[in-house]
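> Have a look at this fold, sequence not included:
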């Protein structure tokens, strides 16, 4: 008799369930549905046992009556999270894990409300939802994935016949605190501020696949991650460890699937995008998991919409997250690029439209920022780099050689990505680090692609340049970095610099025409502007290349005659030295965080610019003696370095600046220069100040400055020999004291540095011996 009652009760519950659905869908369904919802919620609130609460949620999950957000709010206010958490924690395998499934259904219902998804209670459930995803995948409830290993599809829909025969008493795992929470009606949690919009709204997808609980779990997880208040979470230094296991499980599931429903795949891509955009900035393992999963999708899908959705998603993640330091990434966590580049190469080998080509080349460009071509396996580069570089070079040629600048700018995004890929290929030819040399065909074909791109850059500067510079000069404010024409010019200059910096003696006539044109245009604009330094970026970009080619006497003399490049570089050093001194002061008080979009650091700019000037200072005495710019620069350097505290002074930029100033005034080293506080400061005093600062330097600083320091002591020796009568005995003694205090304590380090270390000790001992 008791068993019959239970059976009848199950039939009644099934009838009630079907009547709820009919009432919600028929005439006046909305009002009747609201009444039914109130009845279900009242049943839950008045329930005296877990069984009754579960039955109420089962009716709610299987009905289709919650259609409006205010109705979701009513459910949230009554049901809350206490009982839901207990359902999710249930380890019972009865009925295929129905307790967990019902909990996921309710959370998926909550997820349709942005305010509820951002609430503290919902966010607290995310680790449990992640665990549920793992359990569902491991149990084979995949719904839309046909497994390669032969597992049959499972339908996770709740079997009503089985629910009729459920046990009378439902035993759930609960602790005392959660039990107390579920006895009370849970109020609606206060929503945290979130001004972003949901990237993918899977509500319609959920309605179509309401019987799939993995979909419910992923939907809830996606909504929760999307609603995260990232700024407040980052203050807690959260690395989101609960994301790792569910993403690992999903990756394994999707990777082993033969056929995946596109709607299901879209949800998966949305989840990877949200985790990648919001949770990976401080967790290299999570970043690697997201990126590897997306690379798997790009590899598996072949020329369809899902593949390009994955390409776009991966690009968005790579663009959002800064590159992790190489020391934090083991070889096993950086080899995703060895899988991605072949997939991109296959895509580029097909006939693609412009938008599709731009997607693929943009992905390669962004990926190479995280994992440079030069670190990839030899096999990968040999098979991929020739085609990739040539496709990029063709895009550069097609777009830079258009008849007008406006037409070039119409394709700026594609052009910028292509220039990046050519530049990366060029660097890989020079710095590839995977043991064996690249194959000759790879090197030859890639080099030809680079030459094609450089030829197009030269064509651009020769034909479209006047119009380009007019647009730049007319820009308001002047030199606005967002100007498309300005971005295009800077990108072309960067590629030209890479080519010049690694020049191997080939004919550079066309390249030097471009360099001369850019230098003269920048100088003309700077001369016409009241505010200086706004247009230096192309020159800063080209400093390594200019330094490389001006080591050749013929090229240097030609540039000195036809351009004002020395005056430009002096202005760059003048402006950058102030920034560098400020940077050094800030670093003493706080750790600086540099983002991906940062330009060159002030210290690297100073070192590169000083190297350019040293080519002139060492070789062209006649030019140096008549250059007003070099003399004024020396005055500024001497005053600036002499005013810096010795504790912060010794570094490669300061040694290079001191070297430039010393060379610039070596003919008149005893001449006084007015410094701060009315003191008379000379080149020798600056040298003493810098050398004395070595006692506060680090081992790395001394080793890094070995070469310029050796040259600096040689200059100091020359200054003293030439201008002995200009210095007092006290000045001599102070200089010798700085040598003894600064250089000699580093004898043990310098002896291990070969010839350069030996030169430093030689000049130091020579100065000490001959001047005492």
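Looks like it came in fine. The structure displayed is predicted, hence computed values, not measured ones. Residues are numbered from 1 along each chain as shown.
> Would you mind listing where the stretch 301-450 of the chain has pLDDT under the threshold?
323-334, 433-436 (pLDDT under 70).
> the helices in the stretch 551-700 of the chain, which residues?
553-562, 565-587, 602-619, 621-626, 628-643, 646-649, 652-664, 683-692, 699-704 (DSSP state H, counting those that start in this stretch).
> closest one to residue 242 among the ones you listed?
helix 565-587 (35.1 Å; Cβ to Cβ). Placement of C-beta: from N, CA and C, glycine included.
> Give me the buried stretch members for the closest one, please.
565-577, 580-581, 584 (16 or more other Cβ atoms under 10 Å).
> For residue 753, which non-adjacent residue is spatially closest?
Using Cβ to Cβ, 6 or more residues apart in numbering and skipping the chain neighbours, the partner closest in space to residue 753 is residue 706 (5.3 Å).
> Could you do residue 61 as well?
Closest to residue 61 by Cβ to Cβ, 6+ apart is residue 105, at 3.9 Å.
> which ones are touching the one you found?
57, 61, 210, 213, 216 (Cβ atoms under 8 Å, 6 or more residues apart in numbering).
> Also residue 763?
710, 713, 714, 716, 717 are the contacts of residue 763 under Cβ under 8 Å, 6+ apart.
> tilt between the stretch of helix or strand it belongs to and helix 683-692?
Secondary structure assignment for residue 763, by DSSP states H and E: helix 754-771. If you take axes from the mean of the first three to the mean of the last three Cα atoms, to 10 degrees, helix 754-771 sits at 130 degrees to helix 683-692.
> If I look at residue 714, what pLDDT would I see?
Residue 714 is assigned 81 on the pLDDT scale.
> To clarify, my last question referred to residue 59.
88.
> What separation do you get for it and residue 75?
Distance, residue 59 to residue 75, by Cβ to Cβ, to the nearest Å: 12 Å.
> and what of residue 224?
Taken as Cβ to Cβ, the span from residue 224 to residue 75 is 17 Å.
> Kindly report the same for residue 381.
Distance from residue 381 to residue 75, by Cβ to Cβ: 56 Å.
> So between these two, which is more surrounded?
residue 381 (25 against 21; other Cβ atoms under 10 Å).
> distance of that one from residue 694?
The separation that residue 381 has from residue 694, given Cβ to Cβ, amounts to 43 Å.
> so which of the contacts of residue 763 comes closest to residue 541?
Taking these together and measuring to residue 541 by Cβ to Cβ, the closest member is residue 710, at 29.4 Å.
> Could you tell me how many residues sit around the closest residue in space to that closest one that isn't next to it in sequence?
Counting by Cβ to Cβ, 6+ apart, residue 759 is the residue found nearest to residue 710 once chain neighbours are left out, at 4.2 Å. Per other Cβ under 10 Å, the neighbour tally for residue 759 reads 19.
> Then residue 419?
Residues contacting residue 419 under the criterion other Cβ under 10 Å number 27.
> so how far is the helix or strand containing it off the chain centroid?
Element membership for residue 419 (DSSP H and E) is helix 412-431. Counting by Cα atoms, centre = their mean, to the nearest Å, helix 412-431 is centred 17 Å from the centre of its parent chain.
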